[in-house]
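> could you look at this predicted model? Sequence included:
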Amino acid sequence: MEITIDDESFERVEVCLLAGKVMLESGAETYRVEDTMSRIADALGLPHSHSYVTPTVIMFATESKDIAKLIRITNRTIDLEKVATVNSISRNLTGGIITAEEAFQQLKKVEAAKHTYPIWMQIAASAISSGCFTIMFKGGWIDFIPAMICGGLGFTSFVYLQRLLGIKLFAELTASFFIGLFAFILTFVGFGKEANKIIIGSVMPLVPGLLITNAVRDLMAGHLVSGMSKGAEAFLTAFAIGTGIALVFTIL
C-alpha cells in the first residue's frame, strides 16, 4: 500500500522518522541524526519538535498536536553513502527544491537501496589493507603476502559467521582466532617471518574505527547515553579481538 504525504502532522512525522532511521542504521552520529530530523521538521511546518535518539531507539514528538512516535533500530551497519544521500534530501527539502511527498519517496528508495560493495570486493579490500597495515607497522615485505592471506581468511570467516549465527561478538572472536592461527601456521612452515606483525596487520579490518569515532563525537556533543553505549560496543569488539588472539597464544 502506497503512503501519500499530505498536510497532516502525523504523516509529516513519518518523513522525519524515516530519515532518522536510515541515517542511524547506516552509521551516522546521534547528533547528526537529531539535527537532520529537526531541520526536516522545521521545513515541514513542525517547528516545536523534539527528538531523542540512541543507537537502538528513535523517539520523535511534536508539541502542536501531541503526536509522538517511537521506532526501534535492530540492524546497524556502515553505509556512509546513504548518510550523505539523506543529508542531500534534507537540504533539498529545506531549500524548497522538493516537496514532502517527493522527499518521502526518495527516502524509501534510499532505505531499500543496497550500496554496500559485493562480498568478494570487501574480502579483497580487507586482504590488501591487511598487507599494507603490516608494512605500516614496520613488518617486512616477506610478511606482506601472509598478512593478505590471514586478513582475507579472517574477514571471510567474520562475514559468514555473522550471517550464520547473527552474533557479532562471537564472529569477531572467532575471526581473530583464525587470524592468529593462520599467522602461526604460515610462519611455522616458513611462509612469513614475524607472526606478531602479521597478526597486527590482519586484525585491523575488524577494528571498530568508525564506532570509536562516533562515540567520541557524540560524547563531545553532549549525547552521553549514545556515546557511552557506542563506546561500550567498541570496547566489546576490541575485547573479542584480543581474546581470540590470546587464545591462540595460550594454545600454541
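Looks like it came in fine.
> helices along the protein, start to end?
9-25, 30-43, 80-94, 100-112, 119-136, 144-165, 168-188, 195-203, 209-220, 224-251 (DSSP state H).
> domains of the chain?
Domain segmentation of the chain under automatic domain parsing yields 9-112, 119-251.
> list phi and psi for residue 46.
phi -120, psi 70 (degrees, to the nearest 10).
> residues near it, how many?
A count of nearby residues for residue 46, using other C-beta atoms under 10 Å, gives 23. For the C-beta atoms, the positions are set from N, CA and C on the backbone; glycine is no exception.
> partner residues bridging the residue nearest to it when sequence neighbours are not counted?
Once flanking residues are discounted, residue 46 sits nearest to residue 62: 5.0 Å by C-beta to C-beta, 6 or more residues apart in numbering. Residue 62 has these beta-bridge partners by DSSP bridges: residue 49.
> low pLDDT regions in the stretch 101-250 of the chain?
Within the stretch 101-250 of the chain, the set of residues satisfying pLDDT under 70 comprises 115-116.
> what does stretch 223-239 rub up against?
With contact meaning C-beta atoms under 8 Å, 6 or more residues apart in numbering, stretch 223-239 is reached by 30-31, 53-56, 168-169, 172, 206-208, 211-212, 214-219.
> what subset of these is buried?
Taking 16 or more other C-beta atoms under 10 Å as the criterion, what is buried in the contacts of stretch 223-239 is 30-31, 53-55, 168, 172, 206, 208, 211-212, 214-215, 217-218.
> my read: residue 248 touches residue 184, true?
Yes - at 6.5 Å, residue 248 counts as touching residue 184 under the criterion of C-beta atoms under 8 Å.
> and of the buried ones among the contacts of stretch 223-239, the nearest to residue 199?
Checking the buried ones among the contacts of stretch 223-239 against residue 199 with C-beta to C-beta, the nearest one is residue 206 at 11.4 Å.
> return the residues in contact with that closest one.
Neighbouring residues of residue 206 by C-beta under 8 Å, 6+ apart: 154-155, 158, 172, 175-176, 237, 241.
> let me have the residues you listed in a markdown table, extended by distance to residue 97.
Listed next are the contacts of residue 206 as a markdown table, based on distance: C-beta to C-beta, whole Å:
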| residue | distance to residue 97 |
| --- | --- |
| 154 | 45 |
| 155 | 41 |
| 158 | 41 |
| 172 | 43 |
| 175 | 45 |
| 176 | 47 |
| 237 | 40 |
| 241 | 45 |
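> among the residues you listed, which one has the most neighbours?
Neighbour tally across those (other C-beta under 10 Å): the maximum, 32 neighbours, falls on residue 154.
> for that residue, which non-adjacent residue is closest in space?
In space, and not counting its chain neighbours, residue 154 is closest to residue 179: 3.8 Å by C-beta to C-beta, 6+ apart.
> distance check, that neighbour against residue 171.
13 Å (C-beta to C-beta, to the nearest Å).
> please identify which of these two sits among more neighbours.
Legend: neighbour count by other C-beta under 10 Å for residue 179 and residue 171, higher for residue 179 (33 against 21).
> nearest residue to residue 147 in space, please, no chain neighbours.
For residue 147, ignoring the flanking residues on the chain, the nearest one in space by C-beta to C-beta, 6+ apart is residue 134 at 3.9 Å.
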